[in-house]
Structures are given as C-alpha cells and as structure tokens.
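Engineer: One predicted model, sequence on top.
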Amino acid sequence: MIKHDMLRHFVAVAETGSLAAAGARLGRSPSAVSMMVKQLQDSLGAPLFTGDRKSHLSPLGRFVLDQAKSEISHLEATNRAITKFAETGGGLIRVAAVPSVAGAVLPAALKAFCVGFPDVQIDLRDMDSNAVVRGVQDGMYDLGIATAPASAPNVQRDVLCEDPFGVICAADHPLAKLDTPLDWQHLEGHALIMNPLAVTLAAPALQDRLKHATVTAHNTLSLLALVQAGIGMTVLPRMVTQMAWAPIKFVSVNDKKAFRQIDLLQPPNAQSSAAIGALVACLKNAIG
C-alpha cells in the first residue's frame, strides 16, 4: 500500500537530487529518507531512479513524481480547508437566492460579512423560489433565501422580511403620478405584462386583468427592461425596484394580502456555523 509519507519523501529526493538534501528539507536522517523511498519502490515493484544516483528518474519515477506532487498539493489544500472550517465554522457557504434578494440585499450583506470573515468563500446562485427550496432540501445549498410554501418539508425556516407587491411602471406612466395606493381596478385600460409572481396573488380583479396580458416575461431583468421601455406595467414586489438601472415607479396597492414572505432556509438538521450565523445577521441588517 502506498502511503502519503512515502510520496512526500520521494518528492523531496526527486526535487533535491540527494538523500542528504531531502533529509535536510524534511528534518529526517538520510537513512530514514532512504528507507521510505525503498518502501515506495518495493510497493511498486519497479525502480524509481536509474542507477544508484537519485538525480535521474526512471519513466516510472517521472510519472510517480507528477502524481505525488498533485496528491500532496490536494492534501495540503484539504488541510487548509479543515483548519479554516475549525477556525471560522466553515470555509465555504453555498447560497441560493431569488434574483431580487440577490440583486438588492446580498451586495450590502456580503460587503459587511467579508469584513469579519475575509477567508470564507461564498458561492452564490440566483433562481426562482421553487428551485431554491428544492436545492436546500437536497442539501445542495447551505443557505436559501426565497418564498417557501408553508408546507415545504425538510427545511429549517427563519423569516427574513415581508415584501409588499405593487404596480411597477415607467416613470412617465400615467399611474406613476398617483400619490395614494391604487385599487386593482385602476389597471383597467393599461397594458399589463404577465409574470409568474403576479399570478400568485389571489385578487380576482388582478387575475382578470392578467388574462388580457399580451406579453409574458419570466426573467426579472427582462421585466424591468420591458417596463422601462414603456411596453407596459407589471405587478411585482417592491424589492425588485432596487434592481432597476433606469427610473421606474413603484405604486402601492390597497390590498393587505398582496405581499410575499422572504424566508431564510437551511437544510434539515443543519448545524449552523459561526460564519452562516454571521451572514444571516448581515442579511437582516441589510434589510433594516
């Protein structure tokens, strides 16, 4: 069986060209180094060097050197990751979030988080709520930020915030001039863009108007581009407006049930690390 110590001693000999130099690098005697290299050679059943000198590798020796260096590098990276996890509670946090949170909240939260945890890596994906929930349930993500059904199984849940729905329109749209919340009936006579979030609202007047929508957009950035271009208005949560790159208007509605709950989700039985706890705190501070 090839052991890590055999490979480590062999690499030292191959790179330095002598047992004495390898021993000095490793803090071992030349005889101890020689014994480890012999054990590796005996395990392979073929010579690693040509002749008695240690400065010329055999074809097998060159192959073993490449593989051994790769293995040692991998082990060192593993050791660093384990040490980092022990020190910070986690060296990598996998985050999945709905696009509006990823664009409007996470930048400020991550900026604050990285001050206290500069060595923790963040892997961020944005996707719709259903995909976020499934990913957290399957253990693909350490933290999910989405609207999860109340009946969603196999997730730990903490409420981040409530995000009200309203009408989003271009800055020069007639409804943009309203200073008071509107009723869904006010949408009559205006071009409306359908989107998957709008259809989740139970308001009959809104659903009736959505049936007459001639444009449907599923991507948040596409929706904003269409609204900003004056193609029509749409119904989205307020947080989405923070992603706009041109002036738009969010008009509140007279509907107390028109909101979504944003949840912080973790896999079932997950042990929250210090780093994840700090990230959650930064998210809540960013929400205000």
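Structural biologist: Thanks, I have the structure now. Numbers count the residues shown, from 1 in each chain.
Engineer: low pLDDT regions in the stretch 1-150 of the chain?
Structural biologist: 80-90 (pLDDT under 70).
Engineer: Let me see the ranges of the helices in it.
Structural biologist: 4-16, 19-26, 30-44, 59-88, 99-104, 106-116, 129-137 (DSSP state H, counting those that start in this stretch).
Engineer: next one: the second one to chain centre, how far?
Structural biologist: Right, helix 19-26. 44 Å (CA atoms, centre = their mean, to the nearest Å).
Engineer: Over to the fifth one?
Structural biologist: Its chain's C-alpha centre and that of helix 99-104 lie 13 Å apart, by CA atoms, centre = their mean.
Engineer: about what we covered before: so which of the helices of the stretch 1-150 of the chain comes closest to Lys177?
Structural biologist: helix 99-104 (25.0 Å; CB to CB). Every C-beta, even on glycine, is put in place using the N, C-alpha and C of the backbone.
Engineer: hey, C-alpha coordinates of the closest one in PDB?
Structural biologist: Extracted as PDB, the C-alpha positions of helix 99-104 are listed here (Å, rounded to 0.1, in the frame of the first residue of the first chain):
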ATOM      1  CA  PRO A  99     -33.000  37.300  -8.000                       C
ATOM      2  CA  SER A 100     -34.500  40.300  -6.200                       C
ATOM      3  CA  VAL A 101     -32.700  39.500  -3.000                       C
ATOM      4  CA  ALA A 102     -29.500  38.600  -4.800                       C
ATOM      5  CA  GLY A 103     -29.500  41.900  -6.500                       C
ATOM      6  CA  ALA A 104     -31.000  44.200  -3.800                       C
END
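Engineer: For it, name the packing helices and strands.
Structural biologist: strand 121-126, strand 143-146, helix 220-228 (3 or more CB pairs under 8 Å, 6 or more residues apart in numbering; DSSP states H and E).
Engineer: Give me the contact list for the first one.
Structural biologist: Residues from elsewhere that reach strand 121-126, judged by CB atoms under 8 Å, 6 or more residues apart in numbering: 91-99, 102-103, 106, 110, 113, 135, 141.
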